[in-house]
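> just need the structure, nothing else, for what follows:
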Amino acid sequence: MLVKTFGSAVYGVDARTISIEVNIGDGFRYFIVGLPDNAVKESLQRIEAAIRNNGFSMPRRKMIVNLAPADLRKAGTAYDLPIAIGMLSATGQITAPELDRYIIMGELSLNGDVLPIKGALPIALQARKEGFRALFIPRANAREAAIINDLPVFGISHIRDILAYFKDQDALQPTVVHTRDEFFEAQREAGPDFSDVRGQRNIKRALEVAAAGGHNVILIGPPGAGKTMLAKRLPGILPPLSLQEALETTKIHSVAGRLPENATLVYRRPFRSPHHTISDVALVGGGGIPQPGEISLAHNGVLFLDELPEFKRSVLEVMRQPMEERRVSVSRAKVAVEFPASFMLVASMNPCPCGYFNHPEKACSCPPGAVQKYLHRISGPLLDRIDLHVEVTPVPFSELSAEPAAENSAAIRERVIRARHIQTARFREHPGLHSNAHMSARLLKEVCRLSPVPQNLLKKAMERLQLSARAYDRILKVARTIADLDAQETILAEHIAEAIQYRSLDRDNWGL
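From the prediction side, this is the model:
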């Protein structure tokens with residue numbers, strides 16, 4: 001007897017429907033075909049134990065399980081449940097009418113418990129797209145999948161739950177999530193706030209400019225100056241996630257298996273801070289079965305690289321293309337997948353190996369040339385993609401002990417949102433472009449035309465400060481963002497002057 005069930009496989013951040021055919025014939029062996037990996041092949045042992053421990057029997061006849069399309073590799077343990085249901089139906093031990101109208105996914109334990117899987121959200125999206133009647137998925141993933149409208153999602157914790165449904169459809173109720181209500185309610189939760197940071201007004205201003213224009217930023221300063229504390233508060237001044245952005249971000253975290261149990265959407269902009277010992281594959285994504293890396297997990301949020309020169313150079317270099325294209329393409333012999341990677345890079349570093357170069361109180365103990373050698377651990381092309389270079393100095397005691405609280409993140413965020421609205425209107429005819437940081441060279445000439453006074457100021461600064469040629473475009477982009485924060489249609493001299501301050505590492509004599 002032949003029975004067909006349906007499951008789903010995740011490739012990149014999208015899912016593909018997999019047909020699972022179970023055929024019982026003459027003979028005594030079991031076969032799983034259709035490019036299964038070892039985890040799929042081992043499912044027969046888990047399935048046999050699960051169905052025996054729940055009062056059913058394993059067929060003592062030849063059984064072929066075909067996973068179609070057969071030219072796509074099937075990986076993971078999530079096919080346990082659909083194969084088990086197909087086997088029980090094919091042997092007549094259960095009656096499951098219209099079994100091919102459902103998507104069924106879940107890993108089985110030996111006693112029949114259904115364990116969580118990865119990629120529940122893209123699986124639900126694909127099931128709705130193809131018009132399936134309902135989705136059966138582990139209870140721990142049910143809320144994640146139930147944010148998709150017009151698709152009943154049944155969370156099951158044991159194989160008996162789905163068997164009860166096929167016997168009596170009223171025995172199991174679909175999971176209900178009020179997506180919009182929960183989304184907007186969760187956005188009110190407060191995170192780390194800029195009001196906790198004493199002093200550092202110029203650094204806060206630089207991060208406000210970075211947030212307003214989507215610019216990458218590097219903070220250079222001695223240990224204990226507050227670089228990490230400031231960076232962790234940057235997501236709090238970025239515009240809140242839209243529902244579409246939240247859905248994109250949640251899909252990536254779902255595929256990577258990073259969502260907490262019973263989670264729904266990712267409500268806040270991600271903040272990822274990998275250790276400097278990370279590998280290039282872990283950072284950008286990949287592996288035998290391609291998985292998203294840290295830069296994709298930071299999509300629509302912030303990627304913080306603390307102590308940037310300590311990262312391996314090969315790791316940093318693989319970021320260059322994703323930073324420009326805002327996506328990562330991972331190609332393997334039999335599959336090519338693409339992960340989104342639109343993130344703000346925030347990096348921090350000490351100015352020298354000992355950390356005290358240019359410190360107002362402590363002397364630098366590094367030998368001559370050590371500062372430049374330390375900086376050269378970061379390649380020029382990577383620095384070229386960082387718009388703001390900000391020097392962080394220690395906070396004096398008088399500011400640390402000051403009573404008045406600093407400006408909070410909510411007030412800064414309002415200014416950032418107003419500036420982003422200006423940019424959205426400016427780039428409305430350019431799909432996919434939402435911030436000044438991502439302007440092309442051609443668009444830069446149209447948007448950042450200078451009058452004679454700011455043009456002359458920029459020319460003198462380039463000559464006097466010995467700024468490199470690559471600094472020119474970056475200064476214009478940052479100046480355009482500063483003008484947007486001031487709600488000015490044209491870039492003024494003071495906007496250019498402030499933008500020039502943020503190019504410390506482009507000065508040819510920096511660190512000498």
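> residue ranges of each domain in this structure, please.
2-177, 191-436, 439-512 (automatic domain parsing).
> closest one to residue 185 among those domains?
Among the domains of the chain, the nearest to residue 185 by Cβ to Cβ is domain 191-436 (8.8 Å). Every residue, glycine included, has its C-beta placed from N, CA and C.
> now do the end-to-end distance for the closest one.
End-to-end distance for domain 191-436, by Cα to Cα, to the nearest Å: 26 Å.
> pLDDT of that domain, averaged?
Domain 191-436 comes out with an average pLDDT of 88.
> who's in contact with residue 435?
Shown in contact with residue 435 (Cβ atoms under 8 Å, 6 or more residues apart in numbering): 213-214, 420, 423.
> dump those to TSV, plus neighbour count.
Below are these laid out as TSV (neighbours: other Cβ atoms under 10 Å):
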residue	neighbour count
213	27
214	21
420	21
423	23
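> now intersect the residues you listed with the helices, please.
Among the contacts of residue 435, DSSP state H puts 213, 420, 423 in helices.
> what is the nearest of those residues to residue 168?
residue 420 (52.4 Å).
> what's near enough to touch the closest residue to that closest one other than its chain neighbours?
Excluding the flanking residues, the one nearest residue 420 by Cβ to Cβ, 6 or more residues apart in numbering is residue 239, at 5.3 Å. Going by Cβ under 8 Å, 6+ apart, residue 239 touches 413, 416-417, 420.
> specify the local secondary structure of residue 239.
coil (DSSP: H, G, I helix; E, B strand; the rest coil).
> please apply the same query to residue 31.
Classified using three-state DSSP, residue 31 is strand.
> what packs against the longest strand anywhere in the chain?
In the chain, assigned by DSSP state E, the strand with the most residues is strand 14-25. Applying 3 or more Cβ pairs under 8 Å, 6 or more residues apart in numbering; DSSP states H and E, one finds that strand 14-25 makes contact with strand 2-11, strand 62-68, helix 80-90, helix 120-129.
> residues of stretch 150-170 that come out buried?
151-156, 158-159, 161-163, 165-166 (16 or more other Cβ atoms under 10 Å).
> and of those, the nearest to residue 113?
Looking across those and measuring by Cβ to Cβ, the closest to residue 113 is residue 158, at 5.6 Å.
> measure that closest one to residue 91 for me?
To residue 91, residue 158 is 20 Å away according to Cβ to Cβ, to the nearest Å.
> in the stretch 301-450 of the chain, which spans are helices?
Along the stretch 301-450 of the chain, counting by DSSP state H, counting those that start in this stretch, helices occupy 313-317, 320-325, 370-375, 380-383, 397-400, 409-426, 441-447.
> nearest residue to the middle of the protein?
Geometric centre of the chain, nearest residue: residue 297, 2.3 Å, by Cα atoms, centre = their mean.
> correct me if wrong: that one contacts residue 252.
Yes. Taking Cβ atoms under 8 Å as the definition, residue 297 is a contact partner of residue 252 at 6.2 Å.
> now for the nearest residue to residue 443 once chain neighbours are set aside, how many residues are close by?
Leaving aside its chain neighbours, residue 443 sits nearest to residue 430 (7.2 Å; criterion: Cβ to Cβ, 6+ apart). Counted by other Cβ atoms under 10 Å, the residues lying close to residue 430 total 12.
> check the one 4 residues further on too.
Residue 434: 17 surrounding residues under other Cβ under 10 Å.
> tell me the contacts of it?
Counting by Cβ under 8 Å, 6+ apart, residue 434 touches 214, 420, 423-424, 427.
> go again using 7 Å as the cut-off
423-424, 427 (Cβ atoms under 7 Å, 6 or more residues apart in numbering).
> which one of those residues is nearest to residue 262?
residue 424 (34.4 Å).
> in contact with the closest one, which residues?
Shown in contact with residue 424 (Cβ under 7 Å, 6+ apart): residue 434.
> measure it to residue 46 for me?
Counting by Cβ to Cβ, the separation of residue 424 from residue 46 is 51 Å.
> now residue 370
As for residue 370, its distance to residue 46 is 58 Å (criterion: Cβ to Cβ).
> neighbour count winner among those two?
Neighbours per residue (other Cβ under 10 Å) separate residue 370 from residue 46, with residue 46 holding more: 20 against 16.
> go ahead and confirm the more buried one touches residue 108.
Yes. Using Cβ atoms under 7 Å, residue 46 is in contact with residue 108, at 5.1 Å.
> shared neighbours, these two?
Here residue 46 and residue 108 have residue 80 as joint contacts, going by Cβ under 7 Å, 6+ apart.
> what's the burial count for residue 94?
When neighbours are counted by other Cβ under 10 Å, residue 94 comes out with 16.
> residues contacting it?
88, 163, 166.
> which residue sits closest to the second one, ignoring its sequence neighbours?
Closest residue to residue 163 in three dimensions, ignoring its sequence neighbours and counting by Cβ to Cβ, 6+ apart: residue 94, at 6.1 Å.
> kindly report the same for residue 263.
Excluding the flanking residues, the one nearest residue 263 by Cβ to Cβ, 6+ apart is residue 144, at 5.8 Å.
> residue contacts, the one you found?
120-121, 254, 259, 263-264 are the contacts of residue 144 under Cβ under 7 Å, 6+ apart.
> just residue 206 next, same as before
217, 388, 390, 502.
> any chance of these in a markdown table, plus distance to residue 235?
Output for these, formatted as a markdown table (distance: Cβ to Cβ, whole Å):
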| residue | distance to residue 235 |
| --- | --- |
| 217 | 13 |
| 388 | 17 |
| 390 | 18 |
| 502 | 20 |
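> and which of the contacts of residue 434 is nearest residue 179?
After measuring these against residue 179 - Cβ to Cβ - the closest member comes out as residue 424, at 23.8 Å.
> strands of the stretch 151-300 of the chain, residue ranges please.
For the stretch 151-300 of the chain, applying DSSP state E, counting those that start in this stretch gives strands covering 153-156, 217-220, 271-272, 285-286, 291-292.
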